[in-house]
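A.B. asks: this one's sequence-less:
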């Protein structure tokens, strides 16, 4: 079941180009990983401080269960590597993607008092793994942002235990995390959540403001 | 009048790339078809679960009048194949296109109580087949979304009978369906309706909210 | 001073690709022309019903002062050819460009009661021919749309006489016309007006709605 | 430490293509520079009146400390060259970038009475040089626009002295200036500020308008 590193890197590079063209990873934001091996855990993950539309193979690093780099690669893995590891342990996920889009950032702030964004009744929800009807209600939890990655990874773990059905979470004013059984599914989940968050956000702007 | 399958596939692939670049078919949303033969009816249609910006010839399947796949192709035709067949029977259409854009999704929800979106006075309307003046009034019916495709196809049939002049319909929180005498016309209709729905939606956001 | 037809066609094709990528000429909207010769007047102009992002040399036709096609080319020149001719006669212009963007369409409707859109104080105004300070006040007249092209061309002529300083006009719910000493200047004017109309429109949506 | 002119030109050309694709340098707006040598100061800077998505090496000029062109190049350096020189003297910056986007233009007008835009609590702030937490508060000063470049350059100098921590400033209704230790950092800063200004602006449009 092990995925070759070169294959993994090529796919992460392509995802970066696509998300960059959509404006979802401006600056050096965003980070992406894919599981290379499960026992012991090895992840291929984007290097910290890289522009995701211009990744090369040397920008993909290999990390282990403790989120530190394996081997002789130059540079540090993404500062948020611990969150990727926490997700892979909490879910049957083989790929984790984080975008930092304008709409996910806005929605993560607008709905922080509600604890998350509830979305129901959209056909696009059917693209989420295991969902078979637009009547599905997806609750996307929002976590406060934190620079202490050990603490934040623990809160991710707790959140994913408390919300066993959620397919994604938002970090406040930081963006979207989602995952999948493979990179194709994780990429599809990103596109679905970006669509749903932008659509929900724009509908707020279109409605009368009687409040 | 039969269109060769290879030609049909090449054109659907190109339409997918274009609509994807506009953000109208995120995730694996959207589906496209074109009539290959009329008697008996044969359609080329996109495979279910494909990303429309990255279609290959193997993602285009051939289906018959009963919406099931013909021949030995791998995978299932779009879940909404029955809607394509219903449209081809109700209209003199040789191509059917469905986009799942942010603006068509919003407008399909915002105007559901009115039963549809009425658009009048826009020059862009002249691009619709048979329309010769911007004074034309186009009513785009909105149908409730449904996972029962037999039932939904019947409602499409009834709607197209009741609205013999309409060039498109919306599924609520699901997006836009339109068609044309050929793929070029159907593609033009998509672009016109996407323009008109986005323009009308943005005008709501620009106006004072005294309600 | 005569511009070779092949050069003219190549430049119009490139402008079409650029404007299409911005979403300013969806469907088959938009039309572009450039003066080939002044005495007698000969224009190269886009063919009616073409998608402006996919023009080929055969989509560029040659027309004379009476707006009818010269020579043996297939198809009809743009339905709005008379407007191009009227502009070239009223201004020292050698190129005329019309975009049909979402923002120019909205603004042409929102400000119709004021007779036009007044824009002042933006640095971008300095890109208009002859303007040297952001303090410049540009008034973009709005004309009611009309399918009678002879009558509409006369109104264009009158408007350009009454507003000798204007660099552009809007047709209501139809879009933007501007021009230039050459295609490069006309293209720059399009980009400037599209920027100014979108910026002004978005500022309306951002402000409190106390009205 | 001297950067070869050919390298500098190639990098500025690429930045122009990227910013143009985002719509941040419409018309002939925007200007970019990079330090070639510090003693005496030599800058490579974009030529005035160029479209930034289509720069060629001949559109990059060399200028000295007095903002005038060095050597035999054709054309004039950007009208705003003095602002670039002022920034390079006031900060340890080796590259200066100016975008003229729709969102930076809007925000520069909307917050002029507050003297600037204050942004705090966004993860994206961590991409700014020297910033290590999203809790950082960035204040982006807004200066009134001015056609007198000597006077405006002096005001830039004073502003950068008064605000020793700021990473950028806005010219009212004119756009964004930022800088970096090298072109990669300056480009990252542009993308971060464009993100933050668009996000903050859109949040205003999403909120209830009780004021």
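C.D. replies: Here it is on my side, so go on. What you see is a predicted model, and the numbers here were worked out from it, not measured in a lab.
A.B. asks: Can you show me the helices along chain A?
C.D. replies: Here chain A has its helices, by DSSP state H, at A:5-21, A:81-90, A:102-110, A:149-162, A:183-206.
A.B. asks: and of those, who's closest to residue B:171?
C.D. replies: helix A:183-206 (14.2 Å; CB to CB). The C-beta positions use only the backbone N, C-alpha and C, and glycine is treated the same way.
A.B. asks: before we move on, the earlier item: redo the helices of chain A as JSON lines? Include mean neighbour count, distance to residue A:174 and mean pLDDT.
C.D. replies: Converted to JSON lines, the helices of chain A look like this (neighbours: other CB atoms under 10 Å in any protein chain shown; distance: least, CB to CB, whole Å; pLDDT from 0 to 100):
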{"stretch": "helix A:5-21", "mean neighbour count": "19", "distance to residue A:174": "16", "mean pLDDT": "97"}
{"stretch": "helix A:81-90", "mean neighbour count": "22", "distance to residue A:174": "11", "mean pLDDT": "97"}
{"stretch": "helix A:102-110", "mean neighbour count": "25", "distance to residue A:174": "7", "mean pLDDT": "97"}
{"stretch": "helix A:149-162", "mean neighbour count": "16", "distance to residue A:174": "10", "mean pLDDT": "98"}
{"stretch": "helix A:183-206", "mean neighbour count": "23", "distance to residue A:174": "13", "mean pLDDT": "95"}
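A.B. asks: Report the contact partners of the residue nearest to residue A:101 when sequence neighbours are not counted.
C.D. replies: Nearest in space to residue A:101, with sequence neighbours left out and distances taken as CB to CB, 6 or more residues apart in numbering or on different chains, is residue A:24 at 4.2 Å. Residues near residue A:24 by CB atoms under 8 Å, 6 or more residues apart in numbering or on different chains: A:30, A:99-101, A:190, A:194.
A.B. asks: Please identify which of those residues is nearest to chain D.
C.D. replies: residue A:100 (6.7 Å; CB to the nearest CB).
A.B. asks: I'm curious whether stretch A:180-195, anywhere along its length, sits up against chain B.
C.D. replies: Yes: legend: contact between stretch A:180-195 and chain B by CB under 8 Å from any CB of the partner chain is shown at A:188, A:191-192, A:194-195.
A.B. asks: ok, so of these, who is nearest chain C?
C.D. replies: Of the residues of stretch A:180-195 next to chain B, the one sitting nearest to chain C (CB to the nearest CB) turns out to be residue A:195, at 17.9 Å.
A.B. asks: gap between the residue nearest to residue A:101 and chain D?
C.D. replies: Residue A:24 sits 10 Å away from chain D, going by CB to the nearest CB, to the nearest Å.
A.B. asks: picking that back up, quick check: which of the helices of chain A is nearest to residue B:8?
C.D. replies: Here helix A:183-206 is closest among these (CB to CB), at 25.5 Å.
A.B. asks: ok, the most centrally placed residue in chain A - contacts?
C.D. replies: Centroid-nearest residue in chain A, with CA atoms, centre = their mean: residue A:177, separated by 2.4 Å. Residues in contact with residue A:177 (CB under 8 Å, 6+ apart) are A:83, A:87, A:96-98, A:156, A:168-171.
A.B. asks: Swap in 10 Å and give it another go.
C.D. replies: The neighbourhood of residue A:177, defined by CB atoms under 10 Å, 6 or more residues apart in numbering or on different chains, consists of A:31, A:80, A:83-84, A:86-87, A:96-99, A:104, A:140, A:143, A:156, A:168-171, A:186, A:189-190, A:193.
A.B. asks: ok, the residue of chain A found nearest chain B to residue D:3 distance?
C.D. replies: Going by CB to the nearest CB, chain B is nearest to residue A:123 of chain A, at 3.8 Å. Distance, residue A:123 to residue D:3, by CB to CB, to the nearest Å: 53 Å.
A.B. asks: same question, residue A:13
C.D. replies: Residue A:13 is 28 Å from residue D:3, by CB to CB.
A.B. asks: Likewise for residue A:110?
C.D. replies: Applying CB to CB, the value for residue A:110 to residue D:3 is 44 Å.
A.B. asks: do residue A:170 as well
C.D. replies: 41 Å.
A.B. asks: Please identify which of these two sits among more neighbours.
C.D. replies: The neighbour count for residue A:170 versus residue D:3, taken as other CB atoms under 10 Å in any protein chain shown, is higher for residue A:170 (26 against 18).
A.B. asks: Please tell me I have it right and the more buried one contacts residue A:176.
C.D. replies: Yes: shown here, residue A:170 and residue A:176 form a contact pair, counting by CB atoms under 10 Å, at 5.8 Å.
A.B. asks: Model confidence for the spatially closest residue to residue A:4 that is not a sequence neighbour, exactly?
C.D. replies: Spatial nearest neighbour of residue A:4, excluding adjacent residues (CB to CB, 6+ apart): residue A:36 at 8.0 Å. You'll see residue A:36 listed with a pLDDT of 96.
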